[in-house]
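1. sequence below, structure please.
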Amino acid sequence: MSIDAATFARLREIADQLPQVPGIGAIEIADGQIVMMMSPVKRHEYAIFRLARQLNAQLPDTHSGYIAYAGADLEDSGLGRLRRPDLMVFPEATLRGEGPALLPQEVLLVVEIVSKSNPENDYENKVRDYAAMGIPHYLLVDPRDGTGIVHSEPKYASREKFTFGDQVTVGPWTIDTSELMTYGPGTT
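-> Model prediction:
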């Protein structure tokens, strides 16, 4: 569901004014609502670190000047979406630019690490949103069961499933998923 530009602008203004709340990792806007995301667990962050390291080692050869980076927002005001992917690949120079968020046309890859608390968001809503934004590749990693899916254009019609331990091709990059860990007991 898309929302009109004025409604999105108002939601964005409210989201930007929300105070920092302990345990809240990020704020997103989707389906006309502000969504407060829980702070991730250590193994979630470890997966991001390992994936970023692998991608950043390959990017000089495939896309000079690009980085794999966690911690930036992704905004599509036309769709009424503000997302905070766990990891994105985009030109490093965009971090020096104006504006609060990256634009979809700047991003080659988004990565989401599935949480135990809300897996449907990554498997359904974000697949829909990232495809609509035109992001060429979406890597979905699920530490709950040690699996994942590589979504590729057009509109993520290509979906390649994998199991932790596989060598996975994501666009021009190869990811060694043996470096990833499943969630331990008691993680959320």
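2. residue 98 and residue 64, how far apart?
-> For residue 98, the distance to residue 64 equals 23 Å [CB to CB, to the nearest Å]. Every C-beta, even on glycine, is put in place using the N, C-alpha and C of the backbone.
3. who has more neighbours, these two?
-> Legend: neighbour count by other CB atoms under 10 Å for residue 98 and residue 64, higher for residue 64 (9 against 4).
4. so where's this structure shaky on pLDDT?
-> Of all residues in the chain, those with pLDDT under 70 make up the ranges 1-2, 20-25, 29, 34, 36-41, 186-188.
5. would you map the helices across it?
-> 5-17, 42-62, 119-120, 126-133 (DSSP state H).
6. and these as TSV, adding distance to residue 166 and mean neighbour count?
-> Putting the helices of the chain into TSV (distance: least, CB to CB, whole Å; neighbours: other CB atoms under 10 Å) gives the following:
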stretch	distance to residue 166	mean neighbour count
helix 5-17	37	13
helix 42-62	13	17
helix 119-120	20	11
helix 126-133	20	20
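7. can you tell me the closest non-neighbouring residue to the most centrally placed residue in the chain?
-> Among the residues of the chain, the one closest to the centroid is residue 85, at 2.4 Å (CA atoms, centre = their mean). With sequence-adjacent residues excluded and distances taken as CB to CB, 6 or more residues apart in numbering, residue 85 is closest to residue 110, at 4.2 Å.
8. thinking again about what came up before, for residue 116, see how far away the residue nearest to the centre of the chain is.
-> Here the criterion is CB to CB. By it, residue 85 lies 18 Å from residue 116.
9. could you list every residue that touches the closest residue to residue 126 other than its chain neighbours?
-> Distances taken as CB to CB, 6+ apart put residue 112 closest to residue 126, at 5.8 Å, once the chain neighbours are dropped. Residue 112 sits next to 85, 86, 122, 126, 138, 139, 140, 141 when contact means CB atoms under 8 Å, 6 or more residues apart in numbering.
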